[in-house]
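> kindly return the folded structure for what I paste below:
(one chain, ligands or ions: 1)
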Amino acid sequence: MSRVLVLNGVNLGSLGTRRPDVYGSQTLKDIESYLRDEFPSVELEFRQTDYEGDMVGWVREAVASDGLVINPGAWTHYAYALHDALETLAIPKVEVHLSNVHVREPWRRHSVVSPAVDAVVAGMGAFGYRVAVDYVLHRGDG
Ligand code: DQA
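Numbers count the residues shown, from 1 in each chain. So this is what the prediction gives:
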């Protein structure tokens, strides 16, 4: 059975009540249930933290998984430590954003983690997580 780690960073635990106009009304738990329904035969490990050190540790742990999907939240835009942890991880990895960061504030357009991942999905809401999990499972299939 394939194992995929889905990591969510700072403030993503507030989904549902946080800016529903931007992020929608689904909670993180809803997104987790959606993914579990979509991928019943995948061992999904779904986590959230507001602590950057925890996130860096989890990225290192991901070496034991077949793929990593990560929404770093605001860390996306400045967390070089997260970039460095991701860069040394040799499994398929995708950065996900619920919102389309390119049509929001200018500072959201830059990601310091993107150079360390294989692909980036933004603006597709929860469906973006689905696409990302699919990608890490099938990358290399041709
Ligand atoms: C986000 C976009 C980030 O700019 C923001 O800080 C978040 C969520 C997204 O999923 O759209 O916390 O990563």
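> the ligand contacts on the protein?
The chain comes close to the ligand at residues 11, 71, 73-74, 76, 97-99, 101, 108, as judged by C-beta under 6 Å from any ligand atom. From N, CA and C alone the C-beta is placed, and that goes for glycine too.
> output the below-cut-off pLDDT ranges for this protein.
For the chain, the stretches flagged by pLDDT under 70 are 140, 142.
> hmm, 80 instead?
Applying pLDDT under 80 to the chain flags residues 140-142.
> coming back round to it: which ones among the residues of the chain next to the ligand map onto strands?
The members of these that map onto strands under DSSP state E are 71, 73, 97.
> ok, and the most crowded of the residues you listed?
Highest neighbour count within these, by other C-beta atoms under 10 Å: N71, with 26 neighbours.
> for this structure, which segments count as strands?
Using DSSP E, the strands of the chain run over residues 3-10, 43-48, 67-73, 93-97, 119-122.
> the inter-axis angle of the longest one versus strand 67-73?
Here the directions of strand 3-10 and strand 67-73 differ by 10 degrees (axes from the mean of the first three to the mean of the last three C-alpha atoms, to 10 degrees).
> which helices and strands does strand 3-10 pack with?
Counting contacts by 3 or more C-beta pairs under 8 Å, 6 or more residues apart in numbering; DSSP states H and E, strand 3-10 packs against helix 28-38, strand 43-48, helix 52-61, strand 67-73, helix 126-138.
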